[in-house]
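Participant: Structure here, sequence nowhere to be found:
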């Protein structure tokens with residue numbers, strides 16, 4: 001329940017920031033307007049929302065309760081350098097797991113792991 005409340009609060013802050021022209025501290029505001037805003041929630045803890053601004057910034061998310069909070073979604077925006085950024089994510093029992101071309105990838109280990117641990 002608390003995680004869902006935090007997610008909804010984050011979405012509201014993002015929407016208000018877009019509507020009021022918050023530039024993200026970078027000093028550059030594109031003048032984007034909210035062009036799409038959809039939200040739904042039911043009594044079983046399932047929810048979904050999506051919004052899009054006129055500059056192409058987009059966020060979509062859905063979640064449910066299944067022995068804990070399960071959330072998946074994606075967001076996209078244009079970086080200050082003009083590069084498109086798109087991130088997809090899952091947040092579940094394994095934690096927050098983002099994926100996207102702009103995320104750094106850890107280098108390969110210089111050795112092979114030979115021992116496994118059994119619990």
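Facilitator: Yep, it's here. Quick caveat, the model's predicted, so the values are computed rather than measured. Numbers count the residues shown, from 1 in each chain.
Participant: How much space separates residue 40 from residue 65?
Facilitator: 15 Å (Cβ to Cβ, to the nearest Å). Placement of C-beta: from N, CA and C, glycine included.
Participant: Which one of the two is surrounded by more residues?
Facilitator: Neighbour tally, residue 40 and residue 65, criterion other Cβ atoms under 10 Å: the higher count belongs to residue 65, 14 against 10.
Participant: you'd agree that one is up against residue 43?
Facilitator: No - applying Cβ atoms under 8 Å as the test, residue 65 and residue 43 come out as separate, 10.8 Å apart.
Participant: For the protein, which residues score under the pLDDT cut-off?
Facilitator: For the chain, residues meeting the criterion pLDDT under 70 lie at 1-30, 119.
Participant: run the last query once more with 90
Facilitator: 1-32, 44-45, 65-68, 105-119 (pLDDT under 90).
Participant: What segments of it are helices?
Facilitator: 2-20 (DSSP state H).
Participant: Which residues does residue 50 form beta bridges with?
Facilitator: Under DSSP bridges, the beta-bridge partners of residue 50 are residue 38, residue 60.
Participant: Is there a neighbour count for it? I'd like the number.
Facilitator: 18.
Participant: check contacts around it.
Facilitator: Contact analysis of residue 50 by Cβ atoms under 8 Å, 6 or more residues apart in numbering lists 36, 37, 38, 58, 59, 60, 61.
Participant: again, 7 Å this time
Facilitator: 36, 38, 59, 60 (Cβ atoms under 7 Å, 6 or more residues apart in numbering).
Participant: Please identify which of those residues is nearest to residue 94.
Facilitator: Among those, residue 60 lies closest to residue 94 (Cβ to Cβ), at 20.5 Å.
Participant: Do I have it right that that closest one meets residue 73?
Facilitator: Yes - using Cβ atoms under 7 Å, residue 60 is in contact with residue 73, at 5.3 Å.
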